[in-house]
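**Student:** how would this look folded up:
(one chain, ligands or ions: 2)
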Amino acid sequence: RPDLNRAPQGDFMRPSMRTRTRSNSKTNGVGVQVEDTRICVVMVGLPARGKSLIAQKVVRYLAWLSITAKCFNVGSYRRTNTPNPSASFFDVSNKEGERLRMAAAEAAVNDMCKWFRSPNNLIAILDATNSTKARRRWIKDRCDAEGIETLFVESKCDDEELIMSNIKEVKTTSPDYVGQDPEVAAQDFRERIRMYERVYETLDEDEADMTYCKIINVGSQVIINRIQDYLQSRVVYYLMNLHIKPRSIWISRHGESNYNLSGQIGGDADLSSRGQLYAKALPDLVSKSAGDRNLTVWTSTLKRTGQTARYLPYEKLSWKALDELDSGVCDGLTYAEIEKQYPQDFRARDEDKYNYRYLGGESYRDVVIRLEPIIMELERSENILIVTHQAVLRCIYAYFMGSDQERSPWMEVPLHCLIRLTPRAYGTQEERMFADVPAVSTWREKGSKAVHADTPTASAKASPMIKPQSKGEAIA
Ligand code: ATP
Ligand code: F6P
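**Tutor:** Residues are numbered from 1 along each chain as shown. Ligands and ions are numbered 1, 2, ... in the order given. So this is what the prediction gives:
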């Protein structure tokens, strides 16, 4: 039963939203339409301004949206000729240093131009300080000659305390300082920044012909100039939502539902009696991990997530975008029934689970697209607890962990388990906590029919296994 109120299964690039149309638009395989635009995002800024972190996040975000992006870090090219430079290497009066740094930039730009020759490669991030107008003009000219658009992204920050903490957090452990005392490394890095400060030129009106976005003091002010098309504006909008305040995101599936017990998918069932126990156990589980932080709870609009969040003492918001993957004509069936009634579909889903769209329903790819506003809102927010569904949780998890599309739809996400995700400088830390309430496993292995059977949760290892009920026996 297709639900017409569902979020549209539209393409990421909606033609009506393009500001500049090209005849040469194409799809990236399964209906997500992209323009033939290739963009080089050129990072700009002094060292320790978060350029690499921003670059990596943009690549992960775009990959999640099936847009092929790659980061070219000039520092790693430079390390091939100068692995452990001291600050004096970056002194502009050091001619040999200048030559080697230019050689590294040239090698990165050459590789990037080569990479763009493959038709699916759309966005490259050139991660370097690119701190002078001359260097930026050179990059723009190289890209113009190859028909590649440029989007300069400057991170400008004069918060000394933040810069020192960045140096301590990430720079003292950089490959540039392997085996060195962190205090000495931090001092040398401070000196390196001074070398760059001597020549650094911020983006200004002299570069008014360029497309740029200037992020000042982690987004307290953002200046944008000549943003030309939809893809550029998506990237800029994403950048505007980023913050670096320490926070975590907690995610949990709803408690076990009556449909989980009977092995049926989809629907809008109530929690089983064990699911209700999980709802009662959840506030404690959360407070053990979150302490006295003030969280906001996001649920879907389906009963089982609201029932699970019922006892949580926080503000709650329900989102249609968090509803479970719509299984269309298969809604309410068990996997065994789907295999019997729709054998071809069952096989097709196993072959390409990410792209398979249920008849009258959705695919994982569709879910990712409707989750984009959720991700944007999550990036803007601080501590959030999301109570949602198996497929949706897999998609959110894939965004934070950078999981690939082939594997993420098969990921095991047990019921009655709270996952804490904590964004760190270059990745996300994960922690899983189980409630002391057993539940069935709804995980289906590729090629199997998956009778939903009990899974031993952390403590349920000691609990008696409960046989899954047949549909007729489901607890009301
Ligand atoms: P380098 O030029 O040496 O490569 P970088 O500018 O790439 O330095 P990163 O290595 O990305 O700097 O620094 C990561 C640190 O910057 C993290 O501690 C992160 O919290 C912080 N950070 C992230 N975004 C910003 C920002 N917009 N302004 C200042 N610091 C930021
Ligand atoms: O079985 C629970 C459930 O949330 C179903 O409602 C949903 O169709 C399914 O999981 C999604 O998981 P998969 O994509 O592995 O079938």
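**Student:** relative to Ser233, how far out is whatever residue of the stretch 251-400 of the chain ends up closest to ligand 1?
**Tutor:** Closest contact between the stretch 251-400 of the chain and ligand 1, by C-beta to the nearest ligand atom, is at Glu379 (12.1 Å). In this view, the C-beta of every residue, glycine as well, is placed from N, C-alpha and C. Glu379 sits at a distance of 16 Å from Ser233 (criterion: C-beta to C-beta, to the nearest Å).
**Student:** same check on Val153?
**Tutor:** With C-beta to C-beta as the criterion, Val153 and Ser233 are 13 Å apart.
**Student:** looking at those two, which is more packed in?
**Tutor:** Ranked by neighbour count (other C-beta atoms under 10 Å), Val153 and Ser233 place Val153 first, with 25 against 17.
**Student:** re the thing from before, and the residue of the stretch 251-400 of the chain closest to ligand 1, what are its phi and psi?
**Tutor:** Phi and psi for Glu379, reported as degrees, to the nearest 10, are phi -60, psi -40.
**Student:** which residue packs closest to it, ignoring adjacent ones?
**Tutor:** Spatial nearest neighbour of Glu379, excluding adjacent residues (C-beta to C-beta, 6 or more residues apart in numbering): Asn241 at 4.4 Å.
**Student:** do you know the pLDDT at the one you found?
**Tutor:** At Asn241, the model reports a pLDDT of 96.
**Student:** and what of Met195?
**Tutor:** 98.
**Student:** which bits of the stretch 251-400 of the chain sit near ligand 2?
**Tutor:** Within the stretch 251-400 of the chain, the positions near ligand 2 by C-beta under 6 Å from any ligand atom are Asn260, Ile265, Gly266, Glu324, Leu325, Ser327, His389, Gln390, Ala391.
**Student:** mind listing what Trp410 touches?
**Tutor:** Trp410 makes contact with Lys353, Glu445, Lys446, according to C-beta atoms under 8 Å, 6 or more residues apart in numbering.
**Student:** the residue nearest to Glu379 and ligand 2, how far apart?
**Tutor:** Per C-beta to the nearest ligand atom, to the nearest Å, Asn241 is found 28 Å from ligand 2.
**Student:** use 53 as the first number for this chain going forward.
**Tutor:** With the count now opening at 53, the last piece we talked about shows up as Asn293.
**Student:** wait, doesn't that residue sit right on Met428?
**Tutor:** Yes. In this structure, Asn293 is within contact of Met428 by C-beta atoms under 8 Å, at 5.5 Å.
**Student:** give the residues shared as contacts by the two.
**Tutor:** Contacts common to Asn293 and Met428, judged by C-beta under 8 Å, 6+ apart, are absent.
**Student:** of all the residues in the stretch 403-528 of the chain, which one is nearest ligand 1?
**Tutor:** For the stretch 403-528 of the chain, C-beta to the nearest ligand atom, closest residue to ligand 1: Ala477, 4.4 Å.
**Student:** give me the number of residues near that residue?
**Tutor:** Number of residues near Ala477 (other C-beta under 10 Å) recorded here: 13.
**Student:** before we move on, what about Glu212?
**Tutor:** Glu212: 8 neighbours (other C-beta under 10 Å).
**Student:** what's the answer for Arg401, then?
**Tutor:** The local packing of Arg401 (other C-beta under 10 Å) involves 25 other residues.
**Student:** in this protein, which helix has the most residues?
**Tutor:** Across the chain, the longest stretch assigned as helix under DSSP state H is helix 147-167.
**Student:** which other residues reach the following helix or strand past that one?
**Tutor:** Later in the chain than helix 147-167, the nearest helix or strand by DSSP states H and E is strand 173-179. Identification of contacts with strand 173-179 by C-beta under 8 Å, 6+ apart yields 86, 89-95, 103-104, 107, 110-111, 114, 119-127, 160-161, 164, 167-168, 191, 200, 283, 287.
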